[in-house]
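1. how would this look folded up:
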Amino acid sequence: MLQKAAIIGIIGGMGPEAGRILHGLIIEETKKLRQVNQDQDHCDVLHFALPSIIPDRATYIFDQTQANPNDVIIELVRSAAFMAQHLKRPILSVIPCNTFHAPILFDDLSNRIQQAGLHEWVILHDFVKEAVADIVEAFPVVKKVGLLSTTGTRKTLIYARALELQGIELVQVSENEQERIDYAIYNPVDGLKALSKASEQTKGILRNGIKSLRNQGAEKVILGCTEFPLAFEEDEGGAKEDLIDPMRLVARRLIQKAYKS
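-> Here you go, the predicted structure:
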């Protein structure tokens, strides 16, 4: 079958596992949404993953004297646009990193794409807004949602603002609990980023965070770090039913948008 849908673009490396997980979910969800009988029935995906050259986004968010990741990312977008023009098909792109969607980064990249005239070929989607739109659609009666995230995502209020516009209250863990969650992500011995999987200690920290959010009345809990799904790959007594994985929601939305293009 001739592939005529738009191309899905993943601007990855932030972190590397997040891009890999999203790419895998696109393959997985395509099989649920469309008839797939052969390789050619899958979505075309252009996946950039250059973590070694992209400066840390949280560092820049809190200190603009540091290197701006967008100075590198805009060059990746130029490369994607060149390929899109050659193939005569637009690229629906997304950055699978919640923290990157702080306005100081996401809005800056959106403006650079527009100013460079690349927006017709590379259409940048807001990961957080796409996820929240799907949450509202999938869970219309939910009015209080918890967020498990990095400190960067927490302090930039990206989910709080997007959910507030939809009339949904956001609850978060305490500052002390947040420190533990950051430790589970970043600690160099057995953190998620160090191991690319969840240790028993990490799982315990995240479970406690979810329990705290539920105790505050959260009806659902957003896994607000794109690498958190690594800790919940196995369903533990139905615990996953109350968890919202934005990565899977965004994967589904990108597939649907690609075939509507």
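2. and Asp107, how far from Gln114?
-> Counting by CB to CB, to the nearest Å, the separation of Asp107 from Gln114 is 11 Å. (Each C-beta comes from the backbone N, C-alpha and C, glycine too.)
3. contacting residues around His47?
-> Contact analysis of His47 by CB atoms under 8 Å, 6 or more residues apart in numbering lists 9-10, 12, 19, 23.
4. is it in a bridge, and if so with what?
-> Ile10 (DSSP bridges).
5. from here on, call the first residue 554.
-> Noted, 554 is the first residue going forward, which turns the last one into His600.
6. report pLDDT for it.
-> Looking at His600, its pLDDT is 97.
7. can you give me the end-to-end span of stretch 592-609?
-> End-to-end distance of stretch 592-609 (CA to CA, to the nearest Å): 35 Å.
8. buried sites along it?
-> The neighbour-count criterion (16 or more other CB atoms under 10 Å) identifies 596-599, 601-602, 607 as the buried residues of stretch 592-609.
9. now the contacts of His600 in JSON lines, with distance to Leu796 and pLDDT?
-> Putting the contacts of His600 into JSON lines (distance: CB to CB, whole Å; pLDDT from 0 to 100) gives the following:
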{"residue": "Gly562", "distance to Leu796": "27", "pLDDT": "98"}
{"residue": "Ile563", "distance to Leu796": "22", "pLDDT": "98"}
{"residue": "Gly565", "distance to Leu796": "23", "pLDDT": "95"}
{"residue": "Gly572", "distance to Leu796": "21", "pLDDT": "95"}
{"residue": "His576", "distance to Leu796": "21", "pLDDT": "97"}
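10. so can I have a markdown table of those showing distance to Thr755?
-> Shown next, in a markdown table, are these (distance: CB to CB, whole Å):
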| residue | distance to Thr755 |
| --- | --- |
| Gly562 | 30 |
| Ile563 | 25 |
| Gly565 | 22 |
| Gly572 | 20 |
| His576 | 23 |
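11. so, low pLDDT: which residues of the chain?
-> Across the chain, the ranges flagged by pLDDT under 70 are 554-556, 787-793, 814.
12. so which residue is dead centre in it?
-> Centroid-nearest residue in the chain, with CA atoms, centre = their mean: Pro649, separated by 3.4 Å.
13. surely that one meets Gly572?
-> Yes: between Pro649 and Gly572 there is a contact at 5.7 Å, judged by CB atoms under 8 Å.
14. now the common contact residues for the two.
-> Going by CB under 8 Å, 6+ apart, residues that sit against Pro649 and also against Gly572 are 563, 565.
15. where do the helices sit along the stretch 604-753 of the chain?
-> Counting by DSSP state H, counting those that start in this stretch, the stretch 604-753 of the chain has helices at residues 610-615, 623-640, 656-668, 680-691, 704-709, 711-717, 728-739, 745-748, 753-768.
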